[in-house]
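K.L.:
Got a sequence here, can you build the structure:
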Amino acid sequence: MPTVQSSLERLPVEMQWQIMTSLPDVRSLASTALTCRAYYSAFKANQDAIVKVVLINCVGSDTLPDAILVHRCLPPFHISQITLDHLFPTTQATLFHIYVSRFLQQQLEPSERPDPSSITWTMRDALSLSDFHLEVVSPLTQRFIQNCSNESTPPFRLDASLQSCPATRSEEGRIARALYRFEMFRRLFSRESILDGDEKRTWLHDCVRFFSKFAPWENSQLGCVYDFLTREMVTVDTDASEHDIQYGVAAYRNRMRRRHKVERLLELGLKKILEVASRNAIADRVSVLQVNEWPSEENHYFLGYILQDINDLSPLGGFGKSLVEGRPFYNDGDIAAEVIWRWSFQRHRRINPDTTTSIYQKRHIHYRQWGRDLWDCGRLQQLGVLKLPRAPAAEQEIANVRRGTTETDVSHGVRHDIYNRRGRGYWVKDD
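P.N.:
This is a model prediction of the structure:
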């Protein structure tokens, strides 16, 4: 008996390609390709191009390069990944440093941001990347938006703004990129063992090099995401510490303060953080954390400590200067985060030019709670956070802010000299 083909199977192969490239994720693509021989043949005939389009549908063209970078530093770190030019006595920490240094040099350059169109994908890699985005990053993005809405208080009513105008695609992409940046840092720099003096200095140097690959306002955005994830884990730690015996015993044996415990939880990565935060029962949360497997001695020096350290570096030279002069890893065309950081940086610079990079200011914790650095310029203007003129005047405004010493700073100095000469009254430049 002859096989009867459906109307979808009888479509021209070009239309079958169009159907597959309109799918929202790679797992749907895999299911479609396996429905029948016709679609499998069509898929195999143009597999690479179809997978690339579907990945963009799933992750977004602006976020996909960051997702690729996270996928490339997929843990665990293997010594076999290191090829030494010559043999010499070495340690695990030395090999780890070599791996991180090569990754920073080869992958984290703005001019070499991964180009999805130049990558040949296997279905295994594409499925892994697509699933991680849909099952981890996308849900955390929505949790971040909801959390920020709940944390907002007058006069900045982000909750009302999001009700009238839901988060835009650019805002969601900005949040997702910051989450990927957190995961990238976690995969590169989380350490189970305590580092000695020289190893810790090398590790800190690599951390600063990581942050210098991004603009300071991009690192401030990472600070917003870090605070959000910390709040998620503080809730877990509070409940488990108060009520679960096993968790309390593990914390007591390891002499872990709350901050140490939270940093340890954050080192588990986005997937585990979401899994724990999504559980309602305390017993379920503790079972996911597997506290009985925590080592007796651990390195608690993670992202929170690093953010504070780089914030306190002097911007006048060395590492601090490289941080404040960092170029954007990705420029999405929105100027809000850059303007906010530059205004903060210039304000502290006038008080004491040697104090801070203004990347993670303690006093800005309330702003980070509602994700100020991650929202579109238009939304922040509506909330009254930014008061910029409309384009193209806005471009001139940010150009003025970017100057190392603004005209206002110069006029302050001139007027100070006049005042010391007993001058008073109205002043005009060049008068």
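
K.L.:
how about residue 360, what does it touch?
P.N.:
Counting by Cβ atoms under 8 Å, 6 or more residues apart in numbering, residue 360 makes contact with 219-220, 223, 307-308, 310-311. For the C-beta atoms, the positions are set from N, CA and C on the backbone; glycine is no exception.

K.L.:
Mind doing that once more with 10 Å?
P.N.:
216, 219-220, 222-224, 226-227, 303-304, 306-312, 368 (Cβ atoms under 10 Å, 6 or more residues apart in numbering).

K.L.:
Please apply the same query to residue 372.
P.N.:
With Cβ under 10 Å, 6+ apart, residue 372 has these contacts: 148, 152, 156, 158, 220-221, 224, 336-337, 340, 364, 366, 380, 383, 385-386.

K.L.:
Quickly find the element holding the residue nearest the centre of the chain.
P.N.:
Nearest residue to the geometric centre of the chain (Cα atoms, centre = their mean): residue 178, 2.0 Å. Element membership for residue 178 (DSSP states H and E) is helix 169-189.

K.L.:
Would you mark the buried spots in the very next helix or strand once past that helix?
P.N.:
Using DSSP H and E, the helix or strand that follows helix 169-189 in sequence is helix 197-212. Buried residues in helix 197-212, counted by 16 or more other Cβ atoms under 10 Å: 199, 202-204, 206-212.

K.L.:
Identify, from the residues you listed, the entry nearest to residue 174.
P.N.:
Nearest to residue 174 among the buried residues of helix 197-212 is residue 211, at 17.6 Å by Cβ to Cβ.

K.L.:
In contact with residue 32, which residues?
P.N.:
8, 16, 19-20, 23, 39-40, 42-43, 50, 54.

K.L.:
Would you list the buried entries among those?
P.N.:
By 16+ other Cβ under 10 Å, these give 16, 20, 23, 39, 42-43, 50, 54 as buried.

K.L.:
where does the nearest residue to residue 316 once chain neighbours are set aside land in three-state SS?
P.N.:
The spatial neighbour of residue 316 that comes closest, neighbours along the chain excluded (Cβ to Cβ, 6 or more residues apart in numbering), is residue 354 at 5.7 Å. Using DSSP: H, G, I helix; E, B strand; the rest coil, the structure places residue 354 in coil.

K.L.:
residues in contact with residue 354?
P.N.:
313-317, 320.

K.L.:
how near is residue 32 to residue 127?
P.N.:
Distance, residue 32 to residue 127, by Cβ to Cβ, to the nearest Å: 13 Å.

K.L.:
by contact count, what packs against the helix or strand hosting residue 343?
P.N.:
Assigned by DSSP H and E, residue 343 falls within helix 336-351. When contacts are defined as 3 or more Cβ pairs under 10 Å, 6 or more residues apart in numbering; DSSP states H and E, helix 336-351 sits against helix 216-243, helix 318-324, helix 377-383, helix 393-402, helix 407-420.

K.L.:
Worst mean pLDDT among those helices?
P.N.:
When these are compared by mean pLDDT, helix 393-402 comes last with a mean of 46.

K.L.:
hang on, the earlier thing: please save the CA atoms from the helix holding residue 178 in PDB.
P.N.:
Listed next in PDB are the C-alpha coordinates belonging to helix 169-189 (Å, rounded to 0.1, in the frame of the first residue of the first chain):
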ATOM      1  CA  ARG A 169      13.300  43.300  24.400                       C
ATOM      2  CA  SER A 170      16.400  45.500  24.800                       C
ATOM      3  CA  GLU A 171      15.900  45.500  28.600                       C
ATOM      4  CA  GLU A 172      15.500  41.800  28.800                       C
ATOM      5  CA  GLY A 173      18.600  41.300  26.600                       C
ATOM      6  CA  ARG A 174      20.600  43.600  28.800                       C
ATOM      7  CA  ILE A 175      19.600  41.700  31.900                       C
ATOM      8  CA  ALA A 176      20.300  38.300  30.200                       C
ATOM      9  CA  ARG A 177      23.800  39.500  29.100                       C
ATOM     10  CA  ALA A 178      24.500  40.500  32.700                       C
ATOM     11  CA  LEU A 179      23.400  37.100  33.900                       C
ATOM     12  CA  TYR A 180      25.600  35.400  31.300                       C
ATOM     13  CA  ARG A 181      28.500  37.600  32.500                       C
ATOM     14  CA  PHE A 182      27.900  36.400  36.100                       C
ATOM     15  CA  GLU A 183      27.900  32.800  34.900                       C
ATOM     16  CA  MET A 184      31.100  33.300  32.900                       C
ATOM     17  CA  PHE A 185      32.800  34.800  35.900                       C
ATOM     18  CA  ARG A 186      31.600  31.900  38.000                       C
ATOM     19  CA  ARG A 187      32.900  29.300  35.600                       C
ATOM     20  CA  LEU A 188      36.200  31.000  35.200                       C
ATOM     21  CA  PHE A 189      37.000  32.000  38.800                       C
END
